[in-house]
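J.: would you be able to build a 3D model of this:
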Amino acid sequence: MTYLVTGVRGIVGRTVVDQLRAAGKPVRAASSRPAETTVPDDVELVGLDLTDPESVTAALAGVDKVFCYAAAEGIGNFIDAAEAAGVAHVVLLSSIAAENDQNPIGARHLAVENPLRASGLPLTVLRPGAFAANARTWFPTIKAERVVRVPFPDLHLTPIHEADIADAAIAALDDSSHAGKTYPLTGPESLSHHQQVAAIAAALGEPVQLIELTYEEAADVYYRPVLDMWAKAGSEPSPVGPTSESVTGIPARTFAQWAVDHVDDYR
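T.: Sure, this is the predicted structure:
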């Protein structure tokens, strides 16, 4: 049984590859930019251009199960090739924003969810909210100055560890009872930006200062539709759950754990 993982330059895709490899499962990694992609020597790496039917057919040859990112362009080619290859299960990494087709992030993900559902391929959709890994955008200033510059410091999010998303993806791929289901996923706690920075400081064992950005200052770094959602959210705690435990049966990792796992990146 061979697993295909697309988007392996992304942190979730790479984590899925690493976890499948650690479990001794045969995995093929696919990237739209293979020359810029690094995977372990014992993992097959292929190029994947969803707009090129031959590329998609080659990537899916001999594949039983697929973990894929949401890319609408070429989704018809993917469906055709997956059906021809006899793919038994697809897990799609979507977004919690897909609960609302009126927002551009949600609409972009629904443009992949909907054709996959209509195809009849066995499909599980994961809809995580805010990634803990979004805090990677703070790496440069933490390393250089022990400073984080962020808008809406009192905004609450429920950051989810990429390892929990990967765990949920693999659990779904390995259990056909998850086919046909959509799982919204959050992290196990609601945290403000202030609290996330404090968790990183605790992991470092050093103070980290938070400096508030205005909306326009932040727009140079952050995607404006995200800023617009944050602006509407206020400072109330975000609803927590369901977490990855709803798929895996294992308690979800905290943001504090994520900070510890990535502490060398901040140093």
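J.: now the end-to-end length of stretch 11-31.
T.: 13 Å (C-alpha to C-alpha, to the nearest Å).
J.: per-residue pLDDT of the residue nearest to L185 when sequence neighbours are not counted, please?
T.: Closest residue to L185 apart from its sequence neighbours, by C-beta to C-beta, 6 or more residues apart in numbering: P128 at 4.4 Å. All C-beta spots, glycine's among them, are computed from the backbone N, C-alpha and C. Looking at P128, its pLDDT is 98.
J.: going forward, count from 220.
T.: In the new numbering, first residue 220, that becomes P347.
J.: P347 touches L311, doesn't it?
T.: No: between P347 and L311 there is no contact under C-beta atoms under 8 Å: 11.4 Å.
J.: and the contacts of the top helix by length along the chain?
T.: As assigned by DSSP state H, the longest helix anywhere in the chain is helix 323-338. Applying C-beta atoms under 8 Å, 6 or more residues apart in numbering, the contact partners of helix 323-338 are 289-291, 294-295, 298, 301-302, 309, 311, 313-314, 316-320, 342, 344, 346, 401, 444-445.
J.: picking up where we left off before, what's the burial count for the residue nearest to L404?
T.: 26 (other C-beta atoms under 10 Å).
J.: then R327?
T.: 18.
J.: what about the strands in the stretch 370-486 of the chain?
T.: Secondary structure of the stretch 370-486 of the chain, counting by DSSP state E, counting those that start in this stretch: strands at 375-376, 401-404, 410-411, 428-431.
J.: mean confidence for the second one?
T.: Right, the one you point to is strand 401-404. 98.
J.: parallel or antiparallel, which strands does that strand pair with?
T.: Strand pairing for strand 401-404, using DSSP bridges, gives strand 342-347 (parallel).
J.: again with the third one
T.: Take DSSP bridges as the rule and strand 410-411 pairs in its sheet with strand 375-376 (antiparallel).
J.: go ahead and name everything in contact with the partner strand.
T.: Residues from elsewhere that reach strand 375-376 (C-beta under 8 Å, 6+ apart): G348, A349, S409, L410, S411, H412, Q415, A452, S454, E455, P456, S457.
J.: least confident of these?
T.: Confidence-wise, A452 trails the rest of the contacts of strand 375-376, at 91.
J.: for E408, report the pLDDT, please.
T.: Looking at E408, its pLDDT reads 98.
J.: coming back round to it: if any of the contacts of helix 323-338 are buried, put those into a ChimeraX selection.
T.: Burial among the contacts of helix 323-338 is assessed by 16 or more other C-beta atoms under 10 Å; the matching ChimeraX selection reads:
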select :289,290,291,294,298,301,309,311,313,314,316,317,342,344,346,401,445
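J.: just the ones of the contacts of helix 323-338 in strands?
T.: By the criterion of DSSP state E, membership of the contacts of helix 323-338 in strands covers V309, L311, L342, V344, R346, T401.
J.: pretty sure W357 sits in a helix.
T.: Yes: checked against DSSP: H, G, I helix; E, B strand; the rest coil, W357 lies within a helix.
J.: not counting sequence-adjacent ones, nearest residue to I298?
T.: Using C-beta to C-beta, 6+ apart, the closest residue to I298 is S338 (4.5 Å).
J.: and for V246?
T.: Per C-beta to C-beta, 6+ apart, closest to V246 is L239, 4.3 Å.
J.: tell me the spacing between the one you found and C287.
T.: Distance of L239 to C287, given as C-beta to C-beta, to the nearest Å: 14 Å.
J.: which neighbours do those two share?
T.: V224.
J.: wait, isn't S250 in contact with L267?
T.: Yes: with contact defined as C-beta under 8 Å, S250 and L267 form a contacting pair (6.5 Å).
J.: what stretches of the protein score poorly on pLDDT?
T.: The chain contains no residues with pLDDT under 70.
J.: the helices in it, which residues?
T.: So, for the chain - with DSSP H - the helices run 230-241, 272-279, 294-304, 323-338, 358-364, 381-392, 412-423, 434-437, 443-452, 464-467, 474-480, 482-485.
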